[in-house]
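# return a 3D structure for these sequence lines:
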Amino acid sequence: MVWHYSRVDHLVPTAVCFFCERRLRSTKGIVITDGEKEAYAGPNCAKKHLGAPEERLLDVARLALLVVSEGDPADTDLQPAASTPDTTPQRGTDKTVSAPAVRAPLPPLDSVTQYLRLRYEIMGSFKFHKSALLTEAYDSLKSGDMDEILRKRVAGTMRSAAENRTVFSERNIKICVAMNHWLQEAVRETPKERAGFLLGMLSALHSRWFLTRKQLEGINRWGEGLRKRVHDFPHLDTSVFDGVVVPDFMQRTGKSDQKSS
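Residues are numbered from 1 along each chain as shown. Predicted structure coming up:
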């Protein structure tokens with residue numbers, strides 16, 4: 001069984017490090033996989049057992065900030081700024097303090113790779129998250145042999161979705177992933193017998209990849225009460241889906257969900 005890095009994601013409250021079995025108290029952390037199963041790992045244990053990551057990790061946790069209202073206290077950069085090494089000559093010596101060796105920053109995650117991974121690894125609960133082309137590309141990505149022709153076909157699909165502003169655009173799937181996180185968080189913190197409204201919103205999101213302003217306003221009203229128990233639950237931006245085009249076939253399948261709005 002060979003484990004490798006998968007992504008950075010939100011941690012469940014009971015998360016423990018796979019290697020040392022200590023409880024992970026951070027709100028986000030490293031997810032590792034053996035190709036079938038997933039587990040959590042603390043940063044020190046991950047580096048010790050897996051080495052430093054060779055590529056930038058997909059950061060699903062950071063996407064949650066995309067739907068937080070501007071100015072909300074939760075809308076902060078999750079990564080502290082790196083301090084600049086001090087190379088100023090020290091008094092009493094003409095020598096310059098050598099800066100410690102710094103590893104070159106990893107290149108940004110390829111947009112096609114990120115798009116495929118979000119749809120196939122994170123959006124499994126969403127309807128229509130697969131297609132013949134994307135499945136072929138994702139399978140090729142996992143095996144490490146996706147050729148340039150296939151990559152360009154996926155990139156063309158992404159470009160078309162962006163130009164037409166459909167729900168399948170890269171921007172919108174990131175928003176869907178973010179919105180799904182906060183709704184799941186709200187459901188987890190709500191007694192089962194009172195979670196009907198939130199489950200309805202999740203169902204609508206999963207079937208149409210879109211929520212109306214009215215639905216988002218309703219979630220924010222619900223959040224007012226939730227914040228009495230979960231103080232860091234954010235106020236959501238009701239404009240995040242403005243202008244997004246929902247294809248006719250998705251609107252037809254989502255009619256029952258619209259009644260919950």
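# hey, let's count contacts and neighbours off CA atoms from now on
Will do.
# so what's the most centrally placed residue in the chain up against?
Centroid-nearest residue in the chain, with CA atoms, centre = their mean: Val60, separated by 2.3 Å. When contacts are counted by CA atoms under 8 Å, 6 or more residues apart in numbering, Val60 touches Arg7, Val8, Asp9, His10, Val177.
# ok, now how distant is the first one from Asp59?
Right, Arg7. 6 Å (CA to CA, to the nearest Å).
# helices or strands up against the helix or strand encompassing Cys45?
Cys45 is part of helix 43-50 when elements are defined by DSSP states H and E. For helix 43-50, the elements it packs on are strand 28-33, judged by 3 or more CA pairs under 8 Å, 6 or more residues apart in numbering; DSSP states H and E.
# mind giving me the packing neighbours of the strand it packs on?
Where contact means 3+ CA pairs under 8 Å, 6+ apart, strand 28-33 is packed against strand 4-10, strand 38-41, helix 43-50.
# can you say which of these is nearest to Gly218?
When the helices and strands packed on strand 28-33 are compared by CA to CA, strand 4-10 sits nearest Gly218, at 24.4 Å.
# next, the buried residues of the closest one.
Residues of strand 4-10 classed as buried by neighbour count (16 or more other CA atoms under 10 Å): His4, Tyr5, Ser6, Arg7, Val8, Asp9, His10.
# now, which of the residues you listed sits nearest Glu70?
Ranked by distance to Glu70 (CA to CA), the buried residues of strand 4-10 are led by His10 at 21.1 Å.
# apart from its chain neighbours, what residue comes closest to that closest one?
Closest residue in space to His10, ignoring its immediate chain neighbours: Lys28 at 4.3 Å, by CA to CA, 6 or more residues apart in numbering.
# what is the neighbour count of the one you found?
17 (other CA atoms under 10 Å).
# distance of it from Ser111?
As defined by CA to CA, Lys28 lies at a distance of 22 Å from Ser111.
# likewise for Phe19?
Distance, Phe19 to Ser111, by CA to CA: 31 Å.
# ok so, going back, mind listing the strands the helix or strand following the helix holding Cys45 pairs with, and their directions?
Using DSSP H and E, the helix or strand that follows helix 43-50 towards the C-terminus is strand 58-59. Paired neighbours of strand 58-59 in the sheet (DSSP bridges): strand 4-10 (parallel).
# now the angle from the partner strand to strand 28-33?
For strand 4-10 against strand 28-33, the angle by axes from the mean of the first three to the mean of the last three CA atoms, to 10 degrees is 150 degrees.
# now strand 4-10 and helix 43-50, what's the angle there?
Angle, strand 4-10 to helix 43-50, by the same axes, to 10 degrees: 170 degrees.
# which residues are contacting strand 4-10?
The contact list for strand 4-10 (CA under 8 Å, 6+ apart) reads 27-34, 50, 53, 57-62.
# for Val245, grab phi and psi.
phi -100, psi 120 (degrees, to the nearest 10).
# surely it is in contact with Arg165?
Yes: using CA atoms under 8 Å, Val245 is in contact with Arg165, at 5.8 Å.
# so which of the helices and strands packed on strand 28-33 is nearest Arg171?
Of the helices and strands packed on strand 28-33, nearest to Arg171 by CA to CA is strand 4-10, at 18.4 Å.
# gap between that closest one and the chain center?
Offset of strand 4-10 from its chain centre (CA atoms, centre = their mean, to the nearest Å): 10 Å.
# with stretch 239-249 instead?
Centroid separation for stretch 239-249 versus its chain: 20 Å, with CA atoms, centre = their mean.
# picking that back up, nearest to Ser169, out of the helices and strands packed on strand 28-33?
strand 4-10 (21.3 Å).
# great, nothing more from me.
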